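>>> With the input below, show me the fold.
(2 chains)
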Amino acid sequence: MNNTETKNTCSALVIDDEPQIQRLLTITLESNGYRVATAGSGQEGLALAAQRRHDVIILDLGLPDLNGVLVLKHLRGWTQTPVVVLTVLDEEADKIEALDAGADDYVTKPFNSGELLARLRAALRRSDTGRLEEPAFKTGELVVDFASRRVTRGNQPVRLTATEYALLRLFIQHAGKVLTHRHILREIWGPEHEDDTQYLRVYMTRLREKLETNPELPVLFHTEPGVGYRFVEN
Amino acid sequence: MPGEWGNLPRVQAQARQNISSMPDATQPDAPGHRRPQSVPVVRAPAAPGNWLLAHPAQQYALVFFSFVAASLLNLSLVDLIGYQAVALIYLLAVVVLALFLSRGPVIVGTALNALGWCYAFAPPRYSFHISSFYDKMMVVTYFAVALTISQLTTRLRAHREAVARTKLVAESERLGRTLLNSVSHELRTPIAAITSAAGELRASNALTPLQKKLTTEIETASTRLNRVVQSLLSAARLNSGQLRPKLDWCDIPELVRLALRDVGDLAAAHPLEVRIAPGLHLAKMDFVLMEQALANLVANAAMHTPPGTAIDIMARVEQHELMLQVADRGPGLPADQMERIFDSFHRVSGATPGGIGLGLAIVRGFVEAQGGRVSAVNRQGGGALFTIFMPARESPDIPEEHT
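From the prediction side, this is the model:
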């Protein structure tokens, strides 16, 4: 589990009011090479975030003083530091609200540390690359050449409609990040179609059929039930 | 979290108080949503705003006393202010009554005062006859004013009561949610700590084989505990009416795939066969609730049938209904328990130990909350067949595009 990629390089700010979760996150993160600062309330978290630069922030949504989403909105007022939110199950609405307020990702409690670390790595990776400035994108069998708008899977050209291509481009731009249904619908079909989830369902099926090696077991386009989709690089 | 948790007992007490005083008619009772027996329903007070005298007899008594008092006052004043001005004192008495009493007593009071004026004051005095045209006009006007005012105050009161009731419902729902969130947080935080600590132990790479085995046991137990907590919280959410299904167009094959992923190892000992009718894709439902319902059905089948027996998961549309089915080849259901199989904490006698008897109750609750229904029958050739029925709607058109 020890990850050399992040060894001695990253600092994480944990904002959670539960001392035990704070302690465990500190142990997990420190043993994986993060420097950790902890805050027990939203106010304290905001103060710490302003004092010193952190590479990533882990924010519990259920804080005693400030609603976690409010903390997130304050943070997003002045910083683009990746934020991974901790939530409990049954709170799809909260997850969506947090993602729309600028959270990069969420992890559902109880989580295992491997999952959390993977999400943190993905968030950190995203924050330091301008992905669409690269001329091409490659993961597994899939190659997308942005300049010529050519998409191939295992050297076979794949014909995509304009909408399918736009959708793919959006996912690649935000690879690893959960995109909410509303966000995708707004970006691709426009604000007036924000609630037309049927478009998304149909196009996701088509995209999977064209781009996944096995559409029955998708590995590129993950469904986040009730929330949205996540494009995962291999 | 000293702040929030210190407050918990107080919030709890408030929540209980508010829920028990919630008026009957305000219980969320959506069509198809069976109100669970466990929700405390206590008779509501007659109306919020206790300045209203509750009992009609009290109201009529007050009307009579006010009539006597106004009449005595008028008799002593009539020589000083004239018989027409005393009519205004009667009117004032009625207006004051209208502020506090309901409409029936106010109308009785209006008539009583009018008769009193006609008899004792309007010339000729001490007869119900009124000679002058202007005096007759005055009686009519008096009635019109008194009734209008009583109508207006009744409306105003009804409005205030409605607002108070809405506030009460909103407040008790908010408290219910706060309470449920608190309990959820309190239960899940330690589970999160156990899971995460066990994960770290495993990852530390310094464990003896025995320690590794024990760590696996801790992980398995905490996964199971989390499932139980999840079931209890789902049931609590159902019972407290906190469930708000979000109906969206969902992809059926995707739903089935994710439900089976949730079941995971629980059904590892059974071959699973998925059959989805060709062309069946979109259906309007709450993805998360339906995923959980379907997963519960499959887990239930896996738990109560011998290892190695097949479990079929089927989806098709029949007679304008979408049917999601889970069929097994286990012992089937005892005929006398078909009805009760979806009840909370009901367990079929002689069933495999394990589980707390909430899985199927949650299935029914989640499905009915979305406007669907569930059924359980025995299959021909042995085994049980569980079906979720949802109203099938015409899939919306998607504009076609060409490459």
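>>> Let me see the contact set for A:T205.
A:215, B:251, B:253-254, B:281 (Cβ atoms under 8 Å, 6 or more residues apart in numbering or on different chains). All C-beta atoms are positioned from the backbone trio N, CA, C, and that covers glycine.
>>> measure the closest residue to B:L272 other than its chain neighbours to B:G371 for me?
What sits nearest to B:L272 in space, not counting adjacent residues and going by Cβ to Cβ, 6 or more residues apart in numbering or on different chains, is B:I311, at 5.4 Å. From B:I311 across to B:G371, the span is 27 Å (Cβ to Cβ, to the nearest Å).
>>> Between those two, which has more neighbouring residues?
B:I311 (25 against 17; other Cβ atoms under 10 Å in any protein chain shown).
>>> Could you give the bridge partners of that one?
Counting by DSSP bridges, B:I311 is bridged to B:L272, B:D328.
>>> cool, the one 4 residues further on as well?
Residues in a beta bridge with B:A315, per DSSP bridges, are B:I276, B:L324.
>>> Check it and give its pLDDT.
For B:A315, the model assigns a pLDDT of 94.
>>> now the one 5 residues further on
On the pLDDT scale, B:H320 is placed at 87.
>>> which residues does it contact?
Here B:H320 is in contact with B:391-392 (Cβ under 8 Å, 6+ apart).
>>> Got phi/psi on it?
phi 60, psi 20 (degrees, to the nearest 10).
>>> separation between it and B:P391?
Distance from B:H320 to B:P391, by Cβ to Cβ: 7 Å.
>>> nearest residue to the spatially most central residue of chain A other than its sequence neighbours?
Centre of chain A computed as the mean C-alpha position; nearest residue by Cα atoms, centre = their mean is A:K177, 2.6 Å away. Residue nearest to A:K177 in three dimensions, not counting chain neighbours: A:D104, with 5.9 Å by Cβ to Cβ, 6+ apart.
>>> Next one: B:Y90 relative to chain A, how far apart?
Separation of B:Y90 from chain A (Cβ to the nearest Cβ, to the nearest Å) stands at 59 Å.
>>> helix or strand for that residue, which one?
Under the criterion DSSP states H and E, the helix or strand holding B:Y90 is helix B:83-100.
>>> Which strands or helices does that helix pack on?
For helix B:83-100, the packing partners by 3 or more Cβ pairs under 8 Å, 6 or more residues apart in numbering or on different chains; DSSP states H and E come out as helix B:56-81, helix B:103-120, helix B:133-203.
>>> can you list the weak-confidence ranges in chain A?
By pLDDT under 70, the low-scoring segments of chain A are A:1-8, A:89-90, A:128-133.
>>> can you pull out the helices in it?
Applying DSSP state H to chain A gives helices spanning A:19-31, A:42-51, A:68-76, A:92-100, A:113-127, A:162-173, A:181-189, A:197-211.
>>> Now the first one: buried residues?
Right, helix A:19-31. By neighbour count on 16 or more other Cβ atoms under 10 Å in any protein chain shown, the buried set for helix A:19-31 is A:21-22, A:24-26, A:28-29.
>>> Can you confirm whether that helix lies near chain B?
Yes. Contact of helix A:19-31 with chain B (Cβ under 8 Å from any Cβ of the partner chain) involves A:20-21, A:24-25, A:27-28, A:31.
>>> Tell me which of the contacts of A:T205 fall in helices.
Among the contacts of A:T205, DSSP H puts B:253-254 in helices.
>>> Need the nearest residue in space to A:T26, chain neighbours excluded.
A:T26's closest residue in space is A:V36 (Cβ to Cβ, 6+ apart), at 4.8 Å.
>>> again with B:L289
In space, B:L289 comes closest to B:F366 once its chain neighbours are excluded; the distance is 4.2 Å by Cβ to Cβ, 6+ apart.
>>> Just confirm that neighbour is within a helix.
Yes. Assessed with DSSP: H, G, I helix; E, B strand; the rest coil, B:F366 lies in a helix.
>>> what's near enough to touch it?
So B:F366 contacts B:234, B:238, B:243, B:245, B:286, B:289-290, B:292-293 (Cβ under 8 Å, 6+ apart).
>>> And B:M314, how far from B:R379?
Remark: distance between B:M314 and B:R379 (Cβ to Cβ) = 12 Å.
>>> domain parsing for chain A?
A:4-127, A:131-231 (automatic domain parsing).
>>> That should have said chain B, apologies.
According to automatic domain parsing, the ranges for chain B are B:1-244, B:248-391.
>>> so where is the stretch 201-350 of chain B shaky, pLDDT-wise?
B:348-350.
>>> now the strands for it?
Here the stretch 201-350 of chain B has its strands, by DSSP state E, counting those that start in this stretch, at B:248-251, B:272-276, B:282-285, B:311-318, B:321-328.
>>> Give me whichever of the ones you listed is most buried.
strand B:282-285 (a mean of 23; mean count of other Cβ atoms under 10 Å in any protein chain shown).
>>> could I have that strand exported to PDB, CA atoms only?
As requested, the backbone C-alpha atoms of strand B:282-285 are provided in PDB (Å, rounded to 0.1, in the frame of the first residue of the first chain):
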ATOM      1  CA  LEU B 282     -35.300   2.700 -19.900                       C
ATOM      2  CA  ALA B 283     -37.700   2.700 -17.000                       C
ATOM      3  CA  LYS B 284     -38.700   5.500 -14.600                       C
ATOM      4  CA  MET B 285     -37.700   4.700 -11.000                       C
END
